[in-house]
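Need coordinates for the following:
(chains A and B)
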Amino acid sequence: MLTVEDLTVRFHHRSGAATAVEGVSLTVGQGEIHGLVGESGAGKSTIGASIMGLLPAAGEIASGRLMLGETDLRALTASEAHQIRGKRISMIFQDPQTSLNPLMTIGDQLIETIQAHEEISTDAARARAIALLEEIGITDATRRIRAYPHQFSGGMRQRVVIALALCTNPELIVADEPTTALDVSVQAQVLKLLRSLARDRGVGFILITHDIGVIAQVADRVTVLRGGRIVEQGETRQVLTAPEAPYTQALMAAVPPLDHRLDRFHLPVVVGEETETAGAEAAREAEDWLREGIGSAAGPELELSGITVRFHGERQGFFGARESFTALDDVSLTVRPGTVMGLVGESGSGKSTLAKVVAALVQPSSGEMRLGGAQLPFMRTRHRHHPSRRLLQMVFQDPFSSLNARHRIATILGEPLWLYGLETDRTRRDRLVRSMLALVGLPPEAADRYPHQFSGGQRQRIAVARALLSRPGLLICDEPTSALDVSIQAQILNLLKDMQSRFGLTTLFISHDLAVVRQMSDDIAVLQGGKLVETGPSEPFFTRPAAGYSQDLLANTPRVRFDRSVA
Amino acid sequence: MLAKIRESEALWLFRRSPAAMLAALIAVVIITAAVLAPWIAPTNPYDLSSFSLIDGLLPPVWQDGGDPRFLLGTDDQGRDMLSSILYGARLSLAIAGMAMAVALVLGVGLGLAAGYFGGRFDAIVMRIADIQLALPAILTALLIDGISRGILPRELHDDLRLGVITLAIALSLWVNFARTARASVFVERSKDYVQAAIMMGQHPLRIMLRHILPNILGPLLVIATVDLASAILLEATLSFLGVGLPADSPSLGTLIRIGMQYLLSGEWWILWIPTIFLVVLVVSINLLGDFLRDLFNPGLR
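This next block holds a predicted model:
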């Protein structure tokens, strides 16, 4: 139905042209889901935009054929292309928050779209809209059609977006990361919906994603892209179980498995970034320094008991009472010395709030914390010079905002050294910083550059180096890899594992991704809606989860191992 | 790499914007000429012995009866207009620049602290800012002038006139800086690098000045440029109304006020030349401000 032949797309910049996509060919048949998978910069979204005719102004299709049935998509005039968009091809975007108009009811948006493409009365359009909403699993559609987008949850909103894409009976839908913003349980439902739409309605899908798990769950055929070129193409089962290209093999090796624990990811050099390690010799100084400060004993124990956090909402009117919201409800857990506690939960479960309570960035309303047996004060009472300020360090989720863009790496990394009075001599401080960079797998010269000169993975290495330079005992990692590509994620997880075991750091590791948590943790704690659902040793949890919620969570996490649970 | 791109992008956009280039050129020429006035002006208008009534009311050179010694003509006292304008601009720019600096330090300081600490301190500072905004700048200036006149001996007051007018202008400009700084701090404060610094236990003052301030300088710089133009205008207005500087040390506003008497009498240059000069200066600084705003806010491009 859709045939793409030898597509090449160039982007024109001041500095010249850059080729984003080169020589890509693929076909999508009726009722087929074709996955486009690759890491950032692979050109997958550019292919989607070319098919939709929505390339940004700087982009240009340099050569190739784009055929939808008998229609040559490249030969269309602007108004013909506009007609085809929506009528025969539609699109589902990543973020359901921004792809719906917040000031229009769901019904009005659907009716508007239907009438834009068909001469049809408003009543008939409304009837079609209601039928559509019911088809995609929105109950009580007659009433809910009058609701505004903000009255729906994230998953429901994405269903509405899908309904919007479907309402003109298109032949092809381009879905660009349709489940990336969703929790796993919602993701599973949305993927199931896509699958059934392809089967029942015969709609062809181009599914753009960075997540191989999603591909494994629903795609019939898959194209693996790298740097704008096709690396491998074929049936999903074939490509994922017996990948031929070295890149695909390496990519598969970097995907954290849900069903067993790896000691380390074994990454061939094909993927990830050059770490240009300066060698163990350069890192020796930092390693000795850390050992000298941290000693050989395992890190301190962290004990939380009865932690409750309430956030006060906006005052309702001047004299009104404040509505409060309980983010954490009586959470008690213990991170054993020198072990990794994996903290799991969906968005809104309170896992980041818990990290912030420990880090003294959020004030709990009740409970108690102990670090290494001594009482750990809450935010308001934890003095700037409290010893835990140094002992307790954090690696943040977003490596682009966790480093001050205006400071050199040397300044950023030197900060803990002078702040805690660990090293008073300037030149020694500088040597230590450079050696620490070597320890985390960066060249010592990185110290002279600014954060924006590094990729996400490299910045996360810098963030780890900053944490280590205060000679910590407890490390909090809040989704440290969720902003990274899968191959980079594997490298960072390797680094964290190395550092954790070498220096016996007690670690609180937070992630929404169960597969990642399995690779990292000795113990695990599951949060749901601010309540602790289950806690215990990690391996038994993954084989026999006790709580019903944990079982759902495990079942919904996509596995790359091949069993098509959704069919 | 990205900083280099951004820097070169600034230069590139600048080269592609003729208005910005022309504005920058004019502003630089005027400001340099004003700063160098004592060395480049033909005469010193403050020196009573350097001019004579015989040369009074001469038109600019290109008009009949012009004298090549006085390029832009003379006023009723025989003072060279060009020299008066250069010295006047020097005074105007000095007052505007000082007022801007005071407003910047005061506003950014209060805004940083209000945004960082929030709560009661924030509420108090912002209410004061609201009140300040409700008072017209001229009223503030008259108020300060009046109060200082009341509490200071006459001679002291005359000596301090420059300070009084600077303070009056600064007081009506700081609110902009404070609001912008506060809003930017709110955004930056929630970012992880600030959270990391708080977590590490760094001193609040250090977090504000070393971490947050460099990251919010962009919008503040834009406001500073646009406000420099407002400060020049405000000074001119105050002087025009007679609240500002006395006639013996004329700023641009004073020159325009003096020129008003000749509006209908044929000696047009005494009014129009300083006025046009003021307009060109303010417009070019404003254009520069617009360019900077577009640069820091790509959404508007």
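
Residue A:44 and residue A:225, how far apart?
Computed as CB to CB, to the nearest Å, the residue A:44 to residue A:225 distance reads 5 Å. Placement of C-beta: from N, CA and C, glycine included.

Give me the common contacts of those two.
Jointly contacting residue A:44 and residue A:225 under the rule CB atoms under 8 Å, 6 or more residues apart in numbering or on different chains are A:36-38.

ok, and the most crowded of these?
residue A:37 (29 neighbours; other CB atoms under 10 Å in any protein chain shown).

Who is that residue paired with across the strands?
Note on residue A:37: beta-bridge partners by DSSP bridges are residue A:209, residue A:224.

How about residues contacting the helix or strand residue A:163 falls within?
Element membership of residue A:163, judged by DSSP states H and E, is helix A:154-166. With CB under 8 Å, 6+ apart as the test, helix A:154-166 has contacts from A:90-93, A:96-97, A:99-100, A:106, A:109-110, A:113, A:129, A:132-133, A:135-138, A:149, A:152, A:173, A:178-179, A:181-183, A:186, A:189-190, A:193-194, A:197, A:201, A:203.

tell me the mean pLDDT for it?
Regarding helix A:154-166, the rounded mean pLDDT is 87.

What is the helix or strand following it packed up against?
Counting by DSSP H and E, the next helix or strand C-terminal to helix A:154-166 is strand A:172-176. For strand A:172-176, the packing partners by 3 or more CB pairs under 8 Å, 6 or more residues apart in numbering or on different chains; DSSP states H and E come out as helix A:44-52, strand A:89-92, strand A:204-209.

before we move on, the earlier item: nearest to chain B among the shared contacts of residue A:44 and residue A:225?
residue A:38 (23.1 Å; CB to the nearest CB).

measure that closest one to residue A:223 for me?
In terms of CB to CB, residue A:38 sits 8 Å off from residue A:223.

Tell me the bridge partners for the nearest residue to residue A:392 once chain neighbours are set aside.
Closest residue in space to residue A:392, ignoring its immediate chain neighbours: residue A:474 at 4.8 Å, by CB to CB, 6 or more residues apart in numbering or on different chains. On DSSP bridges, the residues paired with residue A:474 through beta bridges are residue A:392, residue A:506.

ok, residue A:474 touching residue A:508?
Yes - counting by CB atoms under 8 Å, residue A:508 is a contact partner of residue A:474 at 7.2 Å.

surely residue A:495 meets residue A:440?
Yes - Residue A:495 is in contact with residue A:440 according to CB under 8 Å; the separation is 6.2 Å.

Touching both of the two, which residues are there?
Overlap of the contact sets of residue A:495 and residue A:440 (by CB under 8 Å, 6+ apart) consists of A:461, A:464.

Just want to know which of those two has more residues nearby.
Using other CB under 10 Å as the criterion, residue A:495 and residue A:440 rank with residue A:440 on top: 26 against 20.

wait, what's in contact with that one?
Counting by CB under 8 Å, 6+ apart, residue A:440 makes contact with A:461-462, A:464-465, A:468, A:495, A:499.

Would you check how far apart the spatially most central residue of chain A and residue A:493 are?
By CA atoms, centre = their mean, the mean C-alpha position of chain A lies nearest to residue A:482, the distance being 4.0 Å. According to CB to CB, residue A:482 stands 12 Å off from residue A:493.

SS state for the residue nearest to the centre of chain A?
Under DSSP: H, G, I helix; E, B strand; the rest coil, residue A:482 falls in the coil class.

Run through the stretch 251-400 of chain A and note the low-pLDDT ranges.
The model of the stretch 251-400 of chain A has pLDDT under 70 over residues A:268-279, A:313-323.

near chain B, which residues of it?
Residues of the stretch 251-400 of chain A lying close to chain B (CB under 8 Å from any CB of the partner chain) are A:359-361, A:383-386, A:389-390, A:392, A:394, A:396-398.

Weed out the non-buried ones from those residues.
When those are checked for burial by 16 or more other CB atoms under 10 Å in any protein chain shown, the buried set is A:359-361, A:389-390, A:392, A:394, A:396-398.

ok, back up a step: and the helices and strands packed on strand A:172-176 as JSON lines, adding mean neighbour count?
Shown next, in JSON lines, are the helices and strands packed on strand A:172-176 (neighbours: other CB atoms under 10 Å in any protein chain shown):
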{"stretch": "helix A:44-52", "mean neighbour count": "22"}
{"stretch": "strand A:89-92", "mean neighbour count": "24"}
{"stretch": "strand A:204-209", "mean neighbour count": "26"}
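
CSV for those, including distance to residue B:51?
Rendered in CSV, the data for the helices and strands packed on strand A:172-176 read as follows (distance: least, CB to CB, whole Å):
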stretch, distance to residue B:51
helix A:44-52, 72
strand A:89-92, 77
strand A:204-209, 79
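
Redo these as TSV? Include mean pLDDT.
TSV is the format used below for these (pLDDT from 0 to 100):
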stretch	mean pLDDT
helix A:44-52	91
strand A:89-92	91
strand A:204-209	94
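
Which of the residues of the stretch 251-400 of chain A next to chain B fall within strands?
Judged by DSSP state E, those include A:392, A:394 as members of strands.

if we can go back for a sec, in helices only, show me the contacts of residue A:440.
Using DSSP state H, the members of the contacts of residue A:440 that fall in helices are A:461-462, A:464-465, A:468, A:495, A:499.

so what's residue A:152 up against?
Residue A:152 touches A:106, A:144, A:160, counting by CB under 8 Å, 6+ apart.

make it 7 Å
Taking CB atoms under 7 Å, 6 or more residues apart in numbering or on different chains, we find residue A:152 in contact with residue A:160.

Please apply the same query to residue B:122.
Contact analysis of residue B:122 by CB under 7 Å, 6+ apart lists residue B:114.

and it, helix, strand or coil?
At residue B:122 the chain is in helix, as set by three-state DSSP.

what's the spacing between it and chain A?
Taking CB to the nearest CB, to the nearest Å as the measure, residue B:122 and chain A are separated by 16 Å.

Now do the same for that residue: its pLDDT.
Predicted confidence (pLDDT) for residue B:122: 94.

what's the answer for residue A:85, then?
86.

cool, residue A:118 as well?
You'll see residue A:118 listed with a pLDDT of 84.

That one and residue B:54: what is the separation?
According to CB to CB, residue A:118 and residue B:54 sit 90 Å apart.

So for the two, which sits in the more crowded spot?
Using other CB under 10 Å as the criterion, residue A:118 and residue B:54 rank with residue A:118 on top: 14 against 8.

Okay, and which of the residues of the stretch 251-400 of chain A next to chain B map to helices?
Within these, residues falling in helices by DSSP H are A:389-390.

Format the residues of the stretch 251-400 of chain A next to chain B as TSV; extra columns: distance to residue B:210.
Shown next, in TSV, are these (distance: CB to CB, whole Å):
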residue	distance to residue B:210
A:359	20
A:360	20
A:361	19
A:383	21
A:384	15
A:385	18
A:386	21
A:389	17
A:390	19
A:392	22
A:394	20
A:396	19
A:397	24
A:398	21
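
list the contacts for residue A:339?
By CB under 7 Å, 6+ apart, residue A:339 lies in contact with A:506, A:522-523.

Can you tell me which of those residues is nearest residue B:155?
The shortest approach to residue B:155 among the contacts of residue A:339 belongs to residue A:506, at 72.8 Å (CB to CB).

Looking at the stretch 451-567 of chain A, which residue is nearest chain B?
At 4.2 Å from chain B, residue A:452 is the closest residue in the stretch 451-567 of chain A, using CB to the nearest CB.

quick one: that residue and residue A:405 touch, right?
Yes - between residue A:452 and residue A:405 there is a contact at 6.0 Å, judged by CB atoms under 7 Å.
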